[in-house]
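[1] what's the 3D shape of this:
(one chain, ligands or ions: 1)
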Amino acid sequence: MKWSEISIHTTQEAVEPISNILHEAGASGVVIEDPEDLIKERTSVFGEIYQLDPNDYPEEGVLIKAYLPVTSFLGETVDEVKEAINNLMTYDIDLGHNHVTISEVNEEEWATAWKKYYKPVKISEKITITPTWEDYQPVSSDEVIIELDPGMAFGTGTHPTTVMCLQAIEKYLNPGDEVIDVGTGSGVLSIAAAHLGAKHVQAFDLDEVAVSSANINVKLNKAAEKITVKQNNLLNGIEGPADLIVGNLLADIILRFVPDAARVLKQDGLFITSGIIQGKKNEVKEELKQNGFTIVEVLEMEDWVAIIARNLSDSKEV
Ligand SMILES: C[S@@+](CC[C@H](N)C(=O)[O-])C[C@H]1O[C@@H](n2cnc3c(N)ncnc32)[C@H](O)[C@@H]1O
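    Just a heads-up that it's a prediction; the model follows:
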């Protein structure tokens with residue numbers, strides 16, 4: 001099959017809405033070439049991406065690339081994409097150059113084109129995430145390496161919310177813990193918990209694509225003996241008891257299952273929550289306190305917050 005690469009030179013501000021337009025037009029994934037990634041300063045050494053090549057990035061602005069199959073409808077699809085992008089100006093979104101180019105690529109090029117942007121990333125003291133095709137050599141003997149195929153489910157494991165959850169798991173998980181991962185996505189947090197010594201991990205996601213993606217990644221990381229992945233809505237019908245629950249979901253969704261987390265966690269068990277934007281931090285903290293939790297630590301990265309809370313109530317006795 002022939003593929004067409006559609007490339008849009010735009011601004012950082014327009015990345016999200018344009019990516020959505022491309023997804024709706026049938027692109028299965030988008031590649032973002034943002035020169036900021038090359039110079040991004042981080043508050044710690046973690047989150048560092050190895051081996052990015054400056055030649056792959058524009059000098060200024062952002063390039064968004066997506067791949068569409070060449071069919072007789074391609075011309076119309078491209079026109080619709082251009083029109084939808086131009087409409088963003090009515091929402092005062094700065095489109096920058098807004099230069100759209102189309103080129104044909106063959107199947108082979110298409111299959112590998114996006115891979116050069118995914119490189120091993122050091123996430124925490126111990127954890128490094130590496131894409132499946134990279135031959136990454138561990139730097140130390142206690143390094144935990146998680147192999148992910150970023151072509152599937154939620155991302156590459158390097159989103160700030162995922163990074164904070166991984167750092168919290170590394171810090172707070174005790175060997176032998178029973179762990180529950182709510183909204184497992186690619187399974188990355190469950191795999192980290194298993195590799196860091198959890199006795200067993202129950203991983204849940206509402207989305208069946210995430211469930212199969214997590215299952216593939218769990219097998220890829222040889223963690224199937226410790227991790228069970230199931231489709232489930234939050235903690236509905238789940239009994240526990242768990243020593244640690246991790247949930248990287250938007251604040252409004254977290255608020256819905258705080259009482260269930262208190263019910264399922266053992267007394268003194270820990271709840272690691274992330275996916276919370278700054279503006280929702282206090283609301284989530286308040287809900288946790290209302291349900292018998294005490295706040296142990298709050299982590300912040302870019303505009304995102306993670307809250308680690310301890311369950312003080314022994315709900316089994318209530
Ligand atoms: C932000 S992603 C987090 C993925 C992964 N845990 C990570 O940290 O990278 C949130 C995940 O929660 C799942 N999710 C959303 N609502 C859910 C619900 N009601 N019950 C279970 N999973 C849900 C989504 O399908 C998605 O995979």
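[2] for this structure, what helix or strand is lowest in average pLDDT?
    The weakest-scoring helix or strand in the chain, judged by mean pLDDT, DSSP states H and E, is strand 48-49 (a mean of 46).
[3] Starting from that strand, tell me the next helix or strand along the chain.
    strand 62-69 (DSSP states H and E).
[4] what angle separates the following helix or strand past that next one from strand 62-69?
    Using DSSP H and E, the next helix or strand after strand 62-69 towards the C-terminus is helix 74-87. Computed with axes from the mean of the first three to the mean of the last three CA atoms, to 10 degrees, the direction of helix 74-87 lies at 150 degrees from that of strand 62-69.
[5] which bits of the stretch 1-150 of the chain sit near the ligand?
    Within the stretch 1-150 of the chain, no position is near the ligand by CB under 6 Å from any ligand atom. The way it works is simple: take the backbone N, C-alpha and C, and place the C-beta from them, glycine included.
[6] would you list every one of the helices in the stretch 1-150 of the chain?
    Taking DSSP state H, counting those that start in this stretch as the criterion, the stretch 1-150 of the chain contains helices spanning 15-24, 36-39, 74-87, 107-113.
[7] Pick out the shakiest of those helices, pLDDT-wise.
    Lowest mean pLDDT within the helices of the stretch 1-150 of the chain: helix 36-39, a mean of 55.
[8] for the closest residue to the ligand within the stretch 1-150 of the chain, what are its contacts?
    Minimum separation of the stretch 1-150 of the chain from the ligand (CB to the nearest ligand atom) falls at Leu148, amounting to 9.5 Å. Residues near Leu148 by CB atoms under 8 Å, 6 or more residues apart in numbering: Ile129, Thr130, Pro131, Thr132, Thr156, Gly157, Ser186, Val188, Asn217.
[9] burial measure for the residue lying closest to it once chain neighbours are set aside, as a count.
    Spatially, and ignoring its direct neighbours in sequence, Leu148 is nearest to Gly157 (5.3 Å; CB to CB, 6 or more residues apart in numbering). Neighbours of Gly157 under the rule other CB atoms under 10 Å: 28.
[10] quick one: secondary structure of Gly157?
    Assigned by DSSP: H, G, I helix; E, B strand; the rest coil, the conformation of Gly157 is coil.
[11] Can you verify my assumption that it contacts Ser190?
    No - assessed by CB atoms under 8 Å, Gly157 is found out of contact with Ser190, at 11.7 Å.
[12] Can you tell me the closest non-neighbouring residue to Ala203?
    In space, Ala203 is closest to Thr184, 3.8 Å off (CB to CB, 6+ apart).
[13] Now do the SS call for that neighbour.
    Counting by three-state DSSP, the backbone at Thr184 sits in coil.
[14] Run through the residues that contact it.
    Ser190, Ala203, Phe204, Asp205, Ala210, Val211, Ala214, Val229.
[15] got it, and Gln231?
    Phe204, Asp205, Leu206, Asp207, Glu208, Val211.
[16] which one of these is nearest Ala242?
    Distances from Ala242 to those, taken as CB to CB, are shortest for Phe204 (11.7 Å).
[17] just checking, the closest one touches Asn236?
    No - under the criterion of CB under 8 Å, Phe204 is not in contact with Asn236, lying 9.2 Å apart.
[18] which one of the contacts of Thr184 sits closest to Leu63?
    For the contacts of Thr184, the minimum distance to Leu63 (CB to CB) is 28.4 Å, reached by Ala210.
[19] And that closest one, how far from the ligand?
    Distance, Ala210 to the ligand, using CB to the nearest ligand atom, to the nearest Å: 4 Å.
[20] What separation do you get for that residue and Ile253?
    14 Å (CB to CB, to the nearest Å).
[21] go on, Leu74?
    Noted for Leu74: a distance of 37 Å to Ile253, by CB to CB.
[22] Pick out whichever of these two has more residues nearby.
    Leu74 (18 against 15).
[23] per-domain residue ranges of this protein.
    Taking automatic domain parsing as the criterion, the chain consists of the domains 3-117, 121-317.
[24] among those, which is the most enclosed?
    The highest average neighbour count among these, using mean count of other CB atoms under 10 Å, belongs to domain 121-317 at a mean of 19.
[25] next one: it to chain centre, how far?
    11 Å (CA atoms, centre = their mean, to the nearest Å).
[26] Could you tell me how many residues sit around Tyr118?
    22.
[27] I figured it hits Thr132, correct?
    No - using CB under 8 Å, Tyr118 is not in contact with Thr132, being 9.4 Å away.
[28] near the ligand, which residues of the stretch 151-300 of the chain?
    So far as CB under 6 Å from any ligand atom goes, the stretch 151-300 of the chain lies against the ligand at 154, 162, 165, 182-185, 188-189, 204-207, 210, 233-234, 248-249, 253, 275.
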